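S.K.: Okay, sequence plus prediction incoming.
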Amino acid sequence: NAGVTQTPKFQVLKTGQSMTLQCAQDMNHNSMYWYRQDPGMGLRLIYYSASEGTTDKGEVPNGYNVSRLNKREFSLRLESAAPSQTSVYFCASSARTGSVYEQYFGPGTRLTVT
Amino acid sequence: AQSVTQLGSHVSVSEGALVLLRCNYSSSVPPYLFWYVQYPNQGLQLLLKYTSAATLVKGINGFEAEFKKSETSFHLTKPSAHMSDAAEYFCAVNTGNQFYFGTGTSLTVIP
């Protein structure tokens, strides 16, 4: 049981390049999330997917697109990377236990855009 | 709207001293509250959660937190800091399948 996995772990892009961050979970969770973490700003939600086939914008969706490929996988795409997208990206999934959801996080992708 | 405020972006304590990390929440409904810990270059790991079963919640690594509705607080404490507690700590509130995180508190433990 690997939990939530993310690839790649590190990436350096030039401004204008595109890339896709991959995320997969093997816990059969319905909900999945993409966050970015910047110093002093905590975690900010980019997009989330409540279930397979649905996606919704979070707090900071501009410049990103997502695909919920199936129940296991949720990818994040940067079409034209900008230096402002330099950040650490975390994928998470959540399960409902009773009336509360509990999130599980991947190890993160450290992205630098030059 | 739900939100979380963590007072103090950096906290330093001596090894063996009390750890107190502050979290206040704003929620229009009874909240579910969490504390996560993030060690350097790692993802977030759940420390403990409040789900209304008990106001004093015990978590991993000797941490605990007390839910105080009158103060809208959920402060994290540990009686005696250990060097291995040095990390970033995040408070979060959960409503439905949405989570709202504080900006984090970096804990330094001084030997």
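M.R.: That came through fine. Every value quoted in this text rests on a predicted model; they were computed, and no experiment measured them.
S.K.: Dump the C-alpha coordinates for stretch B:27-40 into CSV.
M.R.: Extracted in CSV, the C-alpha atoms of stretch B:27-40 (Å, rounded to 0.1, in the frame of the first residue of the first chain):
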residue,chain,number,x,y,z
SER,B,27,-16.5,28.3,11.0
SER,B,28,-20.2,28.7,10.5
VAL,B,29,-20.8,25.1,11.3
PRO,B,30,-19.4,22.8,14.0
PRO,B,31,-15.9,22.3,12.8
TYR,B,32,-13.7,19.3,12.3
LEU,B,33,-10.1,20.4,13.1
PHE,B,34,-6.8,18.9,12.3
TRP,B,35,-3.1,19.4,13.1
TYR,B,36,-0.6,18.2,10.5
VAL,B,37,3.2,18.1,10.8
GLN,B,38,5.6,18.5,7.9
TYR,B,39,9.2,17.5,8.3
PRO,B,40,11.8,19.0,5.9
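S.K.: which parts of chain A sit against chain B?
M.R.: A:4, A:31, A:33, A:35, A:40-45, A:48, A:50, A:90, A:92, A:94, A:96, A:98-108 (Cβ under 8 Å from any Cβ of the partner chain). No exception for glycine: its C-beta is placed from N, CA and C like everyone else's.
S.K.: After the helix or strand of chain B with the lowest mean pLDDT, which helix or strand is next? Please name it.
M.R.: Sorting the helices and strands of chain B by mean pLDDT, DSSP states H and E puts strand B:98-101 at the bottom, at a mean of 89. Proceeding N to C from strand B:98-101, the next assigned helix or strand is strand B:105-110, under DSSP states H and E.
S.K.: Which elements pack onto that next one?
M.R.: Judged by 3 or more Cβ pairs under 8 Å, 6 or more residues apart in numbering or on different chains; DSSP states H and E, the packing partners of strand B:105-110 are strand B:10-14, strand B:19-26, strand B:87-95.
S.K.: Just grab the bridge partners of the residue positioned nearest the centre of chain B for me.
M.R.: By Cα atoms, centre = their mean, chain B has its centre lying nearest to B:Trp35, at 3.8 Å. Under DSSP bridges, the beta-bridge partners of B:Trp35 are B:Leu48, B:Cys91.
S.K.: about what we covered before: what subset of the residues of chain A next to chain B is buried?
M.R.: Using 16 or more other Cβ atoms under 10 Å in any protein chain shown as the burial test, those include A:4, A:31, A:33, A:35, A:42-45, A:48, A:50, A:90, A:92, A:94, A:100-108 as buried.
S.K.: Filter those down to the ones in helices?
M.R.: Judged by DSSP state H, helices contain none of these.
S.K.: quick one on the thing from earlier: do I have it right that the residue nearest to the centre of chain B meets B:Phe63?
M.R.: Yes - between B:Trp35 and B:Phe63 there is a contact at 7.1 Å, judged by Cβ atoms under 8 Å.
S.K.: Between the two, which contacts overlap?
M.R.: Taking Cβ atoms under 8 Å, 6 or more residues apart in numbering or on different chains as the criterion, B:Trp35 and B:Phe63 both touch B:Leu47, B:Leu48, B:Leu76.
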